[in-house]
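> This is a predicted model, with the sequence first.
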Amino acid sequence: MLFRDLDIHVGPRDRLALIGRNGAGKTTLLRLLADQIEADKGRRMIQPGTNIVMLEQEPDFAPFETLLDFAVAGDQGPAVHDVEAIADQLGINLSIKATKASGGEKRRAAICRALASEPDLLLLDEPTNHLDLGAINWLEQWLGRYSGAFITISHDRTFLTRLTKQTAWLNRGALRRQEVGFGGYDAWMEKIHADEAQAARKLDARLKLEAHWLERGVTARRKRNQGRLEKLYEMRAQRAAMIGPAGTAALKVQSDDSRTKSVITAEHVSKTFGDGSNKRTVIRDFSLRIQRGDRIGLVGANGAGKTTLLKILTGELAPDTGQVTLAKTLSGIFIDQQRKLLEPGKSVRDILADGSDWVDVRRVKKHVQGYLKDFLFAPELIDAKVGTLSGGEQSRLLLAREFARMSNLLVLDEPTNDLDLETLDLLQEVIADYDGTVLLVSHDRDFLDRTVTVTLGLDGSGEVDIVAGGYAEWEAKRKAKPGTKRKSASTSREKTTAPKTASPSQSPKKLGYKDQRDYDLLPARIEEIESRISAIAEALSDADLYNSDRERFDQLTAENTALLAEKDEAEMRWLELAEQVEAMEKAR
């Protein structure tokens, strides 16, 4: 039983985030609302004339020859010119054969079909999966202008925070709704967990134990991750001290014990594909020294060269020029989004322990059920067939299997696809505690900001930006880069003008009075804003506030939006000043 006696109402302008663990029934609920399947009991009522359109997570392209055939299919399918207008903005050629299209191309075709259908209610199941950053930004802007309602399932925190105004949480067969967007979700959840834990303490010892596990597995993880984020910021600061002036590609290495610290070294690497007029340089004169413990994130549009660079750094692909040296002791784990290592007919126990009750976790024996619990699985799933698990559960099982092995290099290619938010917290925790080096390809902006110490940004021109920090730091540097042009959602291969490197004789200027004042006072102001945002989230978590005091609810929501914008601006301003201060200290 996925859910029982569930009620949901969708208004004409609702922007609902549908949250819940993998396997909780989120996709099933959307399919019920779309009238694709029938409920066992209950009623589904819609306003006459309402056009409900669902963007499925894995649409079936098999019956169609081209992506355009799929996009305009059906008796009431959208008009060709409407579909092609959206396709042009998304940068997708719909004449591509469906059998040869990539996951990203199929996802864009499905978006074209959904948006061109003029929906009154959009049901979006993981809409950002397989999309690059340009396409995600375009979709966010379109939904921001959209006059209808939508319900979205997504693991992309940034996407949810920017767009949603209500949150529905599907958990243990029940649906809770709160009139607050995803930005207030964490505070709302923590209050619910605290209330449930308090109620459970009044019951028997078994319920107390389950409540303790709930607190440890959800709330405490969130608190621990705050400590891990602080550690991440320290690592970024150390790495920033090793990066040369803007425009240089090589990372400088501390002189002490550099041989044992370096695990991958790339020197003046270039890679070109094609010939003649089709010749394109994907990587140009790239140098990088990756040290033990680095968390390297690769970002950029689809086709910009992320996978190529990843293969070069791991030795799978040889560069045309330059040299890549890997430490002899390097032992890697490679996890991609295809889940190729899982066989649908095998049980969870077979995948983890070859049918045994015990699994070797980095040379330590653990009971399979206990290890499953570490990865948020219910113990009774131990004998479930892999083919019966949801996509997110399969991804989680793959993580559990691979992380049990000994390694010192972890390579993750789009690991966040299909994962629920709690599993993303778990993955963040695992990466933070990992002793080795991490190479991560992802379009999940929030996840990158929470995990990586260095970002490699590719724009398709062959140049690779090296930035200490996550996606936010790379985006800020990209916007400030002279000659940078705003990219469309399509893969851009327009070469940008590289920033000029300051000569050694040019000393950075001293901060002026206003700059110095901002540098000194902004950290306290940011802390003050965060405190107020937390207080507002606490107030908005009151389920009765919307009905009992609508004016105060609206005031708090507006204030929260303004504070979030002020916080982003203040953090960006302080970051720019901190880089100036760091440059001055280096000049001394």
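Yes, it's here.
> wait, residue 269 sits on residue 321?
Yes: with contact defined as Cβ atoms under 8 Å, residue 269 reaches residue 321; the gap is 7.1 Å. In this view, the C-beta of every residue, glycine as well, is placed from N, C-alpha and C.
> neighbour count winner among the two?
Per other Cβ atoms under 10 Å, whichever of residue 269 and residue 321 has more neighbours is residue 269, with 23 against 13.
> what secondary structure does that one sit in?
strand (DSSP: H, G, I helix; E, B strand; the rest coil).
> Tell me, how many residues neighbour the residue nearest to it when sequence neighbours are not counted?
Leaving out its chain neighbours, the residue that sits closest to residue 269 by Cβ to Cβ, 6 or more residues apart in numbering is residue 322, at 3.6 Å. Using other Cβ under 10 Å, residue 322 is surrounded by 18 other residues.
> Next up, identify which helix or strand residue 322 is on.
In the assignment (DSSP states H and E), residue 322 maps to strand 321-326.
> Check residue 113 too.
helix 103-116.
> Same question for residue 284.
Counting by DSSP H and E, residue 284 is found in strand 280-291.
> which residues touch that strand?
The contact list for strand 280-291 (Cβ atoms under 8 Å, 6 or more residues apart in numbering) reads 249-251, 253, 261-274, 296, 304-305, 308-309, 312-313, 319, 322, 437, 456, 460-464, 466, 493.
> Now the buried members of the residues you listed.
Buried subset of the contacts of strand 280-291 (neighbour count, 16 or more other Cβ atoms under 10 Å): 249-251, 253, 261-267, 269-271, 296, 304-305, 308-309, 312-313, 319, 322, 437, 456, 460-464, 466.
> In helices, which of those appear?
261, 308, 309, 312, 313 (DSSP state H).
> What does the pLDDT read for the residue lying closest to the fourth one once chain neighbours are set aside?
It refers to residue 312. Of all residues not flanking residue 312 in the chain, residue 319 sits nearest, at 5.4 Å (Cβ to Cβ, 6+ apart). Per-residue pLDDT puts residue 319 at 93.
> who's in contact with residue 319?
Neighbours of residue 319 in contact, by Cβ under 8 Å, 6+ apart: 266, 269, 270, 271, 283, 312.
> so who does the residue nearest to residue 282 when sequence neighbours are not counted touch?
Spatial nearest neighbour of residue 282, chain neighbours left out: residue 305 (3.8 Å); criterion: Cβ to Cβ, 6+ apart. Residues counted as contacts of residue 305 (Cβ under 8 Å, 6+ apart) are 271, 282, 283, 458, 460, 462.
> quick check, residue 46 in a strand?
No: counting by three-state DSSP, one finds residue 46 to be coil, located in no strand.
> so how far is residue 66 from residue 98?
Remark: distance between residue 98 and residue 66 (Cβ to Cβ, to the nearest Å) = 6 Å.
> same question, residue 456
From residue 456 over to residue 66 (counting by Cβ to Cβ), the distance is 35 Å.
> Ok, residue 3 next?
Taking Cβ to Cβ as the measure, residue 3 falls 38 Å from residue 66.
> you'd agree residue 357 is up against residue 366?
No: if you go by Cβ under 8 Å, residue 357 and residue 366 don't touch, sitting 10.1 Å apart.
> Which one of those two is surrounded by more residues?
residue 366 (17 against 10).
> secondary structure class for that one?
Note that with three-state DSSP, the state of residue 366 is strand.
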